[in-house]
Structures are given as structure tokens and as C-alpha cells.
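Trainee: Fold the stuff below for me.
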Amino acid sequence: MARQLRAEQTRSAIIAAAADLFDRQGYESTSLSDIVEHAQVTKGALYFHFAAKQDLAHAILELQSRTLRRVAADMDSRGHSHLEALIRTTFGIARLSVEGPVPRAGLRLATGGLDVPPPLTHPFEEWLDITTRKLLGAVKDADLHPDIDVEAAAHSVVCSLVGTRVVGRSLEPVTRQPRRLAELWHLLIRGMVPVPRRARYLSLATQLEREIRIP
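Mentor: Numbering: from 1, shown residues only. The predicted structure is shown next:
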């Protein structure tokens, strides 16, 4: 039992170290030797868990996928409206991106052209699926304009979310991400939500940004 626990701790340490380096240096610029040194493990320990650097990248994407599904399911279970659940999900991921490297590394891997083999789903496909379902529900809730093209809106929302994070990664500290996300939602809400419903969601975006703001 103790041996299994140590193995799990070592695997987690390797993933965390790889995620940190992939986020800061990029996938191509990070070697297995870099990861071994950063994780403070032996090469034997690394190869026991991962046969190649690509396997590590896929483990990060799998962990990111589980995290996204967990956050989305948690919001679904709380009885929020569909639009509120979507907004809260995006801020939940933003919080995790500020707190740890795995979501940041996952984004960098997803935008870097890394092959995503089955049964893994590309992160952007998962975001499109979640966003489309939430926006369809929001139309039924009368929280979106009734004539909105949900597929086009979902695509635009996901592209905006990804683009905001990619640009921010290059220009600003990650702690600025919640503010940029709130600014984005203010624009999206004004474009998609009927006037009588806007104040609630504008206030929500501002509140969520304040809850995870880091001085």
C-alpha cells in the first residue's frame, strides 16, 4: 500500500513538473532530462510511468479533460441556469489556471498542434460540446435572444475564451486572466442576452472575477 502511494505521488510530481515546463517553455523546447531535473526524480522513475514525452503530454490533456468535466458537472448539480453554469464553469477553470500549471499546459498543448489520439477528445471539442449544450439550454430559459444561431455562438464563445487566454499568456501575468475573462463575458452578455436579463449576468461575471482576483 505504501509503495503504491509513493508511486502515485511520483507520477503526480512528474506530471506537475512537465506541466510547469510545457507551460513556461513549450512542449518542443522541453526535454525529458528537463522534466527529471524539475521533478527531482530519477530517469528510471520517469520511464516507469511514461515511455515518452508524448505520453506525458497526453496524461496532462487527460487530466485537463477530467477537470473540465468535473467543474462542469459540479455547476450543473447546483441548480444554476444554463448560462450561469457556463459562466461559472469558465471562471472555475480560470481559477485553476491561476492556481496550478496543468490547465495552462493543457491549453498550450492544445494550441500547439499536438496529436490527440483516441479515446482522448481534443480540448476544444469538449469546450464546444459543453458550450453548445449550455447555450441551447439558455435559449430555452429565455436568457439568450430566441433567434440566435447557437452553433455559431458556441464557436465564437470558445474561440474568444481560447484567444483571450493565448494572448494573455504572451502579454500579461496569469493572475490577470480573471479580469480579462470578466471583460470578455461583459461583451458576450451584451451581445447575446436580452436587455431585461443582462444585469443579472453582468453582475455575476463581475462577482466571479472579484472572488478569484489576486492582488
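
Trainee: For the rest of this, base every contact and every neighbour count on C-alpha atoms.
Mentor: Will do.

Trainee: pLDDT below threshold where in this protein?
Mentor: 1-2, 213-215 (pLDDT under 70).

Trainee: Could you rerun that using 80?
Mentor: 1-5, 213-215 (pLDDT under 80).

Trainee: For it, which segments are assigned as helices?
Mentor: Using DSSP state H, the helices of the chain run over 2-25, 32-39, 43-49, 53-76, 82-99, 101-111, 123-140, 150-171, 177-192, 195-211.

Trainee: pull the CA atoms of the third one into PDB?
Mentor: Pointing back at helix 43-49 there. Extracted in PDB, the C-alpha atoms of helix 43-49 (Å, rounded to 0.1, in the frame of the first residue of the first chain):
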ATOM      1  CA  LYS A  43      15.100   8.800 -15.200                       C
ATOM      2  CA  GLY A  44      14.100   5.300 -14.100                       C
ATOM      3  CA  ALA A  45      11.200   6.600 -12.200                       C
ATOM      4  CA  LEU A  46      10.000   8.700 -15.100                       C
ATOM      5  CA  TYR A  47      10.300   5.800 -17.600                       C
ATOM      6  CA  PHE A  48       8.400   3.500 -15.200                       C
ATOM      7  CA  HIS A  49       5.400   5.800 -15.600                       C
END
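
Trainee: tell me how far it is from the chain's mean position?
Mentor: 28 Å (C-alpha atoms, centre = their mean, to the nearest Å).

Trainee: same for that helix, what does it pack against?
Mentor: Using 3 or more C-alpha pairs under 8 Å, 6 or more residues apart in numbering; DSSP states H and E, the elements in contact with helix 43-49 are helix 2-25, helix 32-39.

Trainee: Residue 109: which of those helices is closest?
Mentor: For the helices and strands packed on helix 43-49, the distance to residue 109 is smallest for helix 2-25, at 7.7 Å, taking C-alpha to C-alpha.

Trainee: now what about that closest one, what contacts it?
Mentor: With C-alpha atoms under 8 Å, 6 or more residues apart in numbering as the test, helix 2-25 has contacts from 27, 29-30, 35-36, 38-39, 41, 45-46, 49, 56-57, 59-60, 101-102, 104-106, 108-109.

Trainee: If we use 6 Å, what do you get?
Mentor: The contact list for helix 2-25 (C-alpha atoms under 6 Å, 6 or more residues apart in numbering) reads 35, 38, 39, 101, 102, 104, 105.

Trainee: Show the contacting residues for the first one.
Mentor: Read it as residue 35. If a contact means C-alpha under 6 Å, 6+ apart, then residue 35 has residue 18 as its contacts.

Trainee: For residue 52, see how far away it is.
Mentor: Residue 35 sits 12 Å away from residue 52, going by C-alpha to C-alpha, to the nearest Å.
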